[in-house]
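S.K.: Quick one, fold the following:
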Amino acid sequence: MKRTFPVLLILILSFSCAKEAKDEIKDYTAEVVTLNVTNITEFKATLNGSISVKAKKPLNIKVGFLFSDKATCLDELKAYGEYYESMLLEDGSFKSSFVPFGGKSTIERRLKDGTKYYYAAFATIDEQVICGEMKTFSTLSIMVSLSTIEATEVTEFTAQLNGNLHVQSTEALQRDSWFIYSDTDSTLIGLILKGIKVETIGSKGESFYARLSKLPYKSKIYYVAASMVNGKSFYGKVKSFSTIELRLPESVDLGLSVKWRNWNLGANLPNEYGDYYAWGETSPKDNYSWDTYKWCNGSRSCLTKYCPANKADYWDGAENPDDKKAYSDYDYADDAARVILGGEWRTPTLDEWKELLDSCRWTATIDYKGSGIAGCFVTGRKAGYEDNSIFLPCAGYRNGIRFVYKYYQASGLDGPEGHYWASDVINYSGPPGVASCMRFLIDPTNSVSIRLKERGLQEYCLGLPIRPVTE
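M.R.: Model (predicted):
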């Protein structure tokens, strides 16, 4: 039981507690001894004391301990310490045990690890107080060793972070571990304040790890292992790694009539969307609409290029409709792939998209190599080309200033879609101003299936990505 000394009792203690812990008062002689502490752990300890009394009549004796983590002498202990009452046993001994959860003959208190404490046994006999000498003890320290281990399984966009936590303690301690990473902050304080926290996903013995995805390509990543043990935070040393740089050929031979570029026009990696182009325009822009389309005078009904001869009502150019139906009709002057890349690079025809669809194996993914990008791997089927493949990301398209990623969302098929221009104008019974394109949908609700539409069409003015081909 913990008690606080009243002022009168403090005064009594100050006058009656002798250094040698002896008091000879008329009818009895008593000696209180402060014994050494036992059962010391990080949070527990047992205070021990004893009293020997010679008396001519029965006495009212109470025993206990004075206790503090600040007192440096007996007078301070008596003045500012805590007072715990104990049970006196027949042999004259008494004790008080500090434990996190109370019980019989215990004090419900969790001591601090690695802390020095001051204590003294005392007794009150017929309201006279006798103190033993003040002693000290220290609780055991929790020994924590936390190491940030080198990252493993590093790819272009992913990595595994590793750490090791060693805790030396006689007690079962609550512990939690995580990592913090950043591609900008290289100091511990910077990581703590601005870094991204990622929880561990597994552990083995003292080792723990976490996996990162969607990392920036060809970038240096700084990271640190962190743990909380018994309410205290610990950090390892800051380490770093760099995501791997891809070294891919620009063109891939899938055993078809043309070779396909490994990434979209305007991109640098297979998973990047690249730039968006209106059909027949050679530069990306911010707004994809008939108002901004290059080959019309403000509307679809006022075309100035690529208008069928039988659609003169939609022509607003000089003389008669040009009746041109492909980039090749103007020697690829309006083909963004040819203008930007030069050489033999160009936008594929609808027949070449059809060949890619029919002659290759298409495999969908919603996370290309941990980058978080959905799309399709297209792999050659022809003998000798089975190991060659390209990746077509679901890059959506642009309509006006909007980015449209899930084209079929309104109809209930909530999946990312890919749209890619072909270089042909479709023979279309409706109004002119539409070109052919390849469209595919990844449906995550159906085990990541592919819905291919090889004869898609889009209005000239919309912005679609381009996957170039070459001879």
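S.K.: check which helix or strand covers the residue nearest the centre of the chain.
M.R.: Taking C-alpha atoms, centre = their mean, the centroid of the chain lies closest to Val198, which sits 2.9 Å from it. In the assignment (DSSP states H and E), Val198 maps to strand 196-199.
S.K.: Then Arg439?
M.R.: Going by DSSP H and E, Arg439 is part of strand 434-443.
S.K.: can you tell me the average pLDDT over that strand?
M.R.: For strand 434-443, mean pLDDT rounds to 87.
S.K.: for that strand, packing partners?
M.R.: helix 350-359, strand 375-380, strand 417-425, strand 449-459 (3 or more C-beta pairs under 8 Å, 6 or more residues apart in numbering; DSSP states H and E). To be clear about C-beta, it is placed using only N, CA and C from the backbone, and glycine gets the same treatment.
S.K.: Tell me which strands it pairs with, and in which orientation.
M.R.: strand 417-425 (antiparallel), strand 449-459 (antiparallel) (DSSP bridges).
S.K.: residues in contact with the closest residue to Tyr277 other than its chain neighbours?
M.R.: Nearest non-adjacent residue to Tyr277, counting by C-beta to C-beta, 6 or more residues apart in numbering: Ala336, 4.8 Å away. Contact analysis of Ala336 by C-beta atoms under 8 Å, 6 or more residues apart in numbering lists Leu265, Tyr277, Glu281, Thr282, Ser283, Thr347, Ile466.
S.K.: hang on, the residue nearest to the centre of the chain packs against Ser182?
M.R.: No. Counting by C-beta atoms under 8 Å, Val198 stays clear of Ser182, with 11.1 Å between them.
S.K.: Domain map for the chain?
M.R.: Listed by automatic domain parsing, the domain ranges of the chain are 2-138, 143-242, 251-470.
S.K.: Mean neighbour count, the ones you listed: which tops it?
M.R.: domain 251-470 (a mean of 18; mean count of other C-beta atoms under 10 Å).
S.K.: Just the terminal-to-terminal distance for it.
M.R.: This stretch, domain 251-470, spans 8 Å end to end (C-alpha to C-alpha, to the nearest Å).
S.K.: Return the distance of that domain from the chain's centre.
M.R.: 35 Å (C-alpha atoms, centre = their mean, to the nearest Å).
S.K.: can you check stretch 115-130 too?
M.R.: On C-alpha atoms, centre = their mean, the centre of stretch 115-130 falls 54 Å from that of its chain.
S.K.: what about it, average pLDDT?
M.R.: The predicted model assigns stretch 115-130 a mean pLDDT of 93.
S.K.: Quick one: the helices in this structure, in order.
M.R.: In the chain, the helices defined using DSSP state H lie at 7-16, 74-80, 188-194, 336-341, 350-359.
S.K.: Could you dump the ones you listed into JSON lines and include mean pLDDT and distance to Gln160?
M.R.: JSON lines is the format used below for those (pLDDT from 0 to 100; distance: least, C-beta to C-beta, whole Å):
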{"stretch": "helix 7-16", "mean pLDDT": "40", "distance to Gln160": "62"}
{"stretch": "helix 74-80", "mean pLDDT": "90", "distance to Gln160": "53"}
{"stretch": "helix 188-194", "mean pLDDT": "97", "distance to Gln160": "18"}
{"stretch": "helix 336-341", "mean pLDDT": "98", "distance to Gln160": "37"}
{"stretch": "helix 350-359", "mean pLDDT": "93", "distance to Gln160": "35"}
